[in-house]
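Asker: Give me the fold of what follows.
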Amino acid sequence: MSNTVTDPVLIDSEVKSPTKMIAIAVILIAILVAVVVWLMRPPIDVYTQSVLNLSGNPVQGRSIFVMNCVACHGQWANGKVGPNLHGVSDRKSDAQLIQQVVSGETPPMPQFQPSSQDMADLLSYLKQL
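Answerer: Numbering: from 1, shown residues only. I've put the predicted structure just below:
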């Protein structure tokens, strides 16, 4: 008689063991990638942080929009030279919207740096579109 183990439970656990190891490795790699991505995100600058800490007034934001943005984005933000801004807060985070407004990095949009409160007001208006 041979001493070979033919217990199906042992064979099954031997087969599943590599699968479990691969699953654990994949999970650990995913966690590592998430941590690296989080650590590499650009820091939020002082101006942006100050805007994010304020409550904005969308009515005042509309006034700021009319004074500074209508020429390119249209009276009701439907777009002219600049793009339609309806739903823009669904496409960009608050920090991205602030950077878009103040950077001037997407010609022909000029660099524009309102006070923190004015930017918070404008942001609250844009989020309503």
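Asker: quick check: longest helix of the protein.
Answerer: In the chain, assigned by DSSP state H, the helix with the most residues is helix 8-40.
Asker: What are the buried residues along that one?
Answerer: By neighbour count, with 16 or more other Cβ atoms under 10 Å as the criterion, helix 8-40 contains no buried position. (Each C-beta comes from the backbone N, C-alpha and C, glycine too.)
Asker: The next helix or strand after that helix packs against which elements?
Answerer: Next along the chain after helix 8-40, taking DSSP states H and E as the criterion, comes helix 46-52. Secondary-structure packing of helix 46-52 (3 or more Cβ pairs under 8 Å, 6 or more residues apart in numbering; DSSP states H and E): helix 94-103, helix 116-128.
Asker: pLDDT weak spots in this protein?
Answerer: Judged by pLDDT under 70, the chain has its weakly predicted residues at 1-16.
Asker: domains of it?
Answerer: 1-41, 46-128 (automatic domain parsing).
Asker: still on that earlier bit, take the helices and strands packed on helix 46-52 and lay them out in a markdown table including distance to residue 19 and mean neighbour count.
Answerer: Compiled in a markdown table, these are given as follows (distance: least, Cβ to Cβ, whole Å; neighbours: other Cβ atoms under 10 Å):
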| stretch | distance to residue 19 | mean neighbour count |
| --- | --- | --- |
| helix 94-103 | 41 | 18 |
| helix 116-128 | 46 | 21 |
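Asker: Present these as a markdown table; the columns should include distance to residue 41.
Answerer: Formatted as a markdown table, those follow (distance: least, Cβ to Cβ, whole Å):
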| stretch | distance to residue 41 |
| --- | --- |
| helix 94-103 | 10 |
| helix 116-128 | 20 |
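Asker: between those helices, which gets nearest to residue 67?
Answerer: helix 116-128 (9.8 Å; Cβ to Cβ).
Asker: export the closest one as PDB, just CAs?
Answerer: Provided in PDB are the C-alpha atoms of helix 116-128 (Å, rounded to 0.1, in the frame of the first residue of the first chain):
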ATOM      1  CA  SER A 116     -10.500  84.600  -2.100                       C
ATOM      2  CA  GLN A 117     -14.100  85.600  -1.300                       C
ATOM      3  CA  ASP A 118     -14.800  86.700  -4.800                       C
ATOM      4  CA  MET A 119     -13.400  83.400  -6.100                       C
ATOM      5  CA  ALA A 120     -15.500  81.500  -3.500                       C
ATOM      6  CA  ASP A 121     -18.600  83.400  -4.800                       C
ATOM      7  CA  LEU A 122     -17.700  82.700  -8.400                       C
ATOM      8  CA  LEU A 123     -17.100  79.000  -7.600                       C
ATOM      9  CA  SER A 124     -20.500  78.800  -5.900                       C
ATOM     10  CA  TYR A 125     -22.200  80.300  -9.000                       C
ATOM     11  CA  LEU A 126     -20.300  77.900 -11.400                       C
ATOM     12  CA  LYS A 127     -21.400  74.900  -9.300                       C
ATOM     13  CA  GLN A 128     -25.100  75.900  -9.800                       C
END
